Structures are given as structure tokens and as C-alpha cells.
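Participant: Take a look and give me a structure for this.
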Amino acid sequence: MSGLNIDRIILYFSLVFVIVGGIVYSFILGDQIRFRDEGHYLKIANNVIKHSIYSYDDNAIIPTTFHPPGYPLILASIVSIGGGFFAIRMVNFFFLACCIVLLTAILRKHGFVVGAQWVPLIVLCYPVLFFTASTLYPQIIATAIFLFIIYMIDAFSLSLGKAFIVGVLYGLLLMISPSFVLMGPVFLATPYILRKSVPRLYIIGLIVGVVVVLTPWVVRNYLVFDRLVILSSNAGKTFILGNSENSKPNEGEIVDVSRYTDEIKRKGLDEIDGDKYYKQKAFEWIKNNPQDASILYLRKLLNYFNFRNDLATRTEQSVLRDVIMFITYYCILLFALFRFYLIKRFPMQRIEIFLLIVYLMSAVMNAFFLPRIRYRLPYDVLLICFSAITLDYLIGLLSKKSFNVRENDT
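Facilitator: Okay, here's the model as predicted:
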């Protein structure tokens, strides 16, 4: 059996496993809502359909900017054509399959034949991705768009038009998962890291694409609230959870910030002013407690590489799940670290340097807020890609043959 046939068998098996497994698991889950944010997203979607208002208020009266509109509008589109929980989950599983295809394409483009062959199975061996696809969370869709942006920049010659398209995709990504705003500088630098030929107005084209996508949402927020809200009004809550006197590296939503929440209620602040208040108090705490804040930041940075999080939804805590996550995540991480052992014999290629920069930058940036595994998942997919590349070098080392990886500068 030829290597190409084996590649196809592994790829097709993985895609079928994701889709068929997704069908079975979605039927098992039925209409379960396991996390609070799932209910928020679904409520917004239903209010958009039934009452033409972007709100998660039970009475559909109070508008919101707490979540950006990308994912709720996707849910609303599915529900409006008669789709239920099954259809919503299957959209996530479809995008997980897209992630596998994109990872394979990126590795093949750079000549990492062994990595491209086995990366679909490595994805399957990281079951948290499959689990996340079964939730009403936007992380898997965001991951697929994230990978597609990387693939576009990496695989094609860049023109002003393509820069605009990349900007549009990045704008959509921000509308789905605003935490990717932290990766803005990385997206701007990506073609330079990969040493692509970049048109003079590349950055302007990208920014224009982002602005085109964000403008309707920004205008809506200004008309409704008479204030400028570019993405969402939940960054302050996340920031205070990660930067206050009660903050701990791994606690997330269960951190006690009631002191600040009660003050917001006492002052009668709305969602947007409350968001500003959270940010103000978090910055005050950092300014007044620089040593504690620095130690907390370092602990959060280390916790970024944790295999588990303390969850507000206690019913979703599981020893078995923790054991599986421990084994799978640290195996991938250790395999990535093994790449450094081979660095003298096989110097890093540009794509590897890029993957490494993005993963480490995600750790550095997320530690300013509140590191959570679900926020890390899009970057874990890049770690999987980096680890898969190591397979090529390992085979080269074991075979003791000359080993050259094709590098394409364009």
C-alpha cells in the first residue's frame, strides 16, 4: 500500500470518526445545557429570532453587549431554519473536521510528510477537542477560522485583496471569540515571520477588512447605548476575576468578586459602565499591590499549561476526565519539548518558529486575564501541529538518513 493511500485512509478515517462520533454523541446529549454560557448564547439567539433584540434578558427587554454577535447569530441562523441542539452540535463537529483538514494541508505544504500523515490521529487522541465540539461554545468554529487565516497567509502569495480577505476573516474571528484580539500583533507579523513577500499596503488592507466586519456591531452599540463598544462588555469581568485580592490561578468564575459586583449594583451601573468599573478596580489592585500582582501573573502563566481547571459547574468535574486530559495534553507537550533536543541536528524551520511564537504569546497574553483550557484550545491545535512536525525529524533521526525539509519562501 502506497504512502499516499495510507495518508488518505488515516485522514478519511479521522473525518468519518469525527462526524459519525459527533452524530452519536449529539444524540446521547440531546437537549442538555451543561454550562452557563451555553444558556446565554442560546437565549440571545432565541431573542434575536422571536423578538428582534440582541439580549439574554428573560423578558427580551434589556439589550446587551456582553457577548459579541458572531456565535449567537450562527445559533440564530441554525434555529431559524428549524435546527435544534443536534444541528448546532453537528456544526461544531463539522468545523472540527475542517481543523483536521487544515492542519494536514499546512504540514503538507511544508513537506512534513509524516506529520501530515499522523496529525489527524493526534487530534483524535486529544479528546477535549471532541468534547468541546459537543458544547454550545464557539471555540471549535473559532479554531477553524484561526487555522484558515494561518493557511491563507502561509500558502498563497499575498496581495492587497488577500490582505483584505484575511482582515475580514480576522474580524469574523473577533466577532466569535474576542479573546483573539490579543493575537492582533501576531497576525500583523505573520507574513514577516514566514518571510512572505508582502505588498506595501498589506497592513492597511487587513485593517480595512477588520473594520468592515466590526462597523455594523459598533454602530449598533452606539445607537443603542450612546457609547462606543467595539467588541464586548465582558472583558472587565474576566480581568477582575484574574486580578483581585481573591484571585487564584486556576479558579475562574468561582473567584469571589462579590465586593465589586455588589458595588456595581449599589451604584446602579449598567453593563457597559460595570465593565469599566471592573477594569478600573483591577488596575487599581495591580497598581497598589505590584508584588502580589507580579507573583499572581507568574502563577497564572504557569497555570496556562495546566491539564485541568476548577469549574463553576461542579457536575462537569470528573476524575476520569482529568486523568485523560493529563495524559493527552502532557504527551503532546513533552513531544513538542523533544523537538528542542533535536534542534542542533535539525534547525527550526520558519513555520515551526511561527507556531512556537503564537503558542508562547498566547500564554503570555492570557496570563494577564484568566487562563482557561477552553481559551487555550485553539492554540493547543497549533501545539499539536508543532508536535506532529517532530515526527518527521524523529523518523529522520532513527533512520540515520539525510533528511531535508522543503522550505517554500513564497
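Participant: Break down the stretch 1-150 of the chain into its helices, ranges please.
Facilitator: Secondary structure of the stretch 1-150 of the chain (DSSP state H, counting those that start in this stretch): helices at 3-29, 36-51, 70-80, 85-109, 113-124, 128-133, 139-155.
Participant: Packing partners of the second one?
Facilitator: Secondary structure elements in contact with helix 36-51, counted by 3 or more Cβ pairs under 8 Å, 6 or more residues apart in numbering; DSSP states H and E, are helix 70-80. In short, each C-beta sits where N, CA and C put it, glycine included.
Participant: quick check: angle from the helix it packs on to helix 36-51?
Facilitator: Between helix 70-80 and helix 36-51, the angle comes out at 60 degrees (axes from the mean of the first three to the mean of the last three Cα atoms, to 10 degrees).
Participant: got the angle between helix 70-80 and helix 85-109?
Facilitator: Using the same axes, to 10 degrees, helix 70-80 lies at 130 degrees relative to helix 85-109.
Participant: after the helix or strand of the chain with the lowest mean pLDDT, next one along is what?
Facilitator: Lowest by mean pLDDT, DSSP states H and E among the helices and strands of the chain is helix 184-193, with a mean of 87. Heading C-terminal from helix 184-193, the first helix or strand you meet, by DSSP states H and E, is helix 202-225.
Participant: Report all helices and strands that the helix or strand following that following helix contacts.
Facilitator: For helix 202-225, the following helix or strand on the C-terminal side (DSSP H and E) is helix 235-242. If contacts are counted by 3+ Cβ pairs under 8 Å, 6+ apart, helix 235-242 sits against helix 271-288.
Participant: ok, residues contacting the helix it packs on?
Facilitator: Applying Cβ atoms under 8 Å, 6 or more residues apart in numbering, the external contacts of helix 271-288 come out as 64-66, 225, 227, 229, 233-237, 239-240, 242-245, 257, 260, 263-264, 267, 269, 293.
Participant: out of those, which are buried?
Facilitator: By the neighbour-count criterion of 16 or more other Cβ atoms under 10 Å, the contacts of helix 271-288 include these buried positions: 64-66, 225, 229, 233-237, 239-240, 242-244, 257, 260, 264, 293.
Participant: Please identify the helix or strand for residue 309.
Facilitator: Using DSSP H and E, residue 309 sits in no helix or strand.
Participant: Tally up the residues packed near it, please.
Facilitator: 23 (other Cβ atoms under 10 Å).
Participant: mind listing what it touches?
Facilitator: If you count contacts by Cβ under 8 Å, 6+ apart, residue 309 has them with 250, 252, 372-373.
Participant: which one among those gets closest to residue 298?
Facilitator: residue 250 (13.7 Å; Cβ to Cβ).
Participant: now the closest one, what's its secondary structure?
Facilitator: coil (DSSP: H, G, I helix; E, B strand; the rest coil).
Participant: and it, how many residues sit next to it?
Facilitator: Per other Cβ under 10 Å, the neighbour tally for residue 250 reads 16.
Participant: if I look at it, how far off is residue 383?
Facilitator: Per Cβ to Cβ, to the nearest Å, residue 250 is found 19 Å from residue 383.
Participant: residue contacts, the residue lying closest to residue 168 once chain neighbours are set aside?
Facilitator: Computed as Cβ to Cβ, 6 or more residues apart in numbering, the closest residue to residue 168 that is not its neighbour in sequence is residue 209, at 4.2 Å. Taking Cβ under 8 Å, 6+ apart, we find residue 209 in contact with 163-171.
Participant: Adding secondary structure as columns, could you present those in JSON lines?
Facilitator: What follows is these, written out as JSON lines (three-state DSSP):
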{"residue": "163", "secondary structure": "helix"}
{"residue": "164", "secondary structure": "helix"}
{"residue": "165", "secondary structure": "helix"}
{"residue": "166", "secondary structure": "helix"}
{"residue": "167", "secondary structure": "helix"}
{"residue": "168", "secondary structure": "helix"}
{"residue": "169", "secondary structure": "helix"}
{"residue": "170", "secondary structure": "helix"}
{"residue": "171", "secondary structure": "helix"}
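Participant: Count the neighbours of residue 318 for me.
Facilitator: Residue 318 - counted by other Cβ under 10 Å - has 12 other residues nearby.
Participant: if I look at it, how far off is residue 68?
Facilitator: 30 Å.
Participant: And for residue 112?
Facilitator: Residue 112 sits at a distance of 35 Å from residue 68 (criterion: Cβ to Cβ).
Participant: Kindly report the same for residue 324.
Facilitator: For residue 324 relative to residue 68 (Cβ to Cβ), the value is 32 Å.
Participant: between those two, who's got more neighbours?
Facilitator: Under the criterion of other Cβ under 10 Å, the comparison of residue 324 against residue 68 puts residue 68 first, with 22 against 17.
Participant: The more buried one touches residue 217, doesn't it?
Facilitator: Yes. Using Cβ atoms under 8 Å, residue 68 makes contact with residue 217 at a distance of 6.8 Å.
Participant: returning to that earlier point: may I ask which of the contacts of residue 309 comes out lowest in pLDDT?
Facilitator: Ranked by pLDDT, those bottom out at residue 252 (75).
Participant: right, and that one touches residue 310 too?
Facilitator: Yes. Using Cβ under 8 Å, residue 252 makes contact with residue 310 at a distance of 6.3 Å.
Participant: if you count what's nearby, which of these two comes out ahead?
Facilitator: Shown here are residue 252 and residue 310; by other Cβ under 10 Å, residue 252 has more neighbours (19 against 15).
Participant: Not counting its neighbours along the chain, what's nearest residue 44?
Facilitator: Using Cβ to Cβ, 6+ apart and skipping residues adjacent in sequence, the residue nearest residue 44 is residue 72, 4.0 Å away.
Participant: meant to ask about residue 388, not that
Facilitator: The shortest distance from residue 388 to any non-neighbouring residue, by Cβ to Cβ, 6+ apart, is to residue 115 (3.5 Å).
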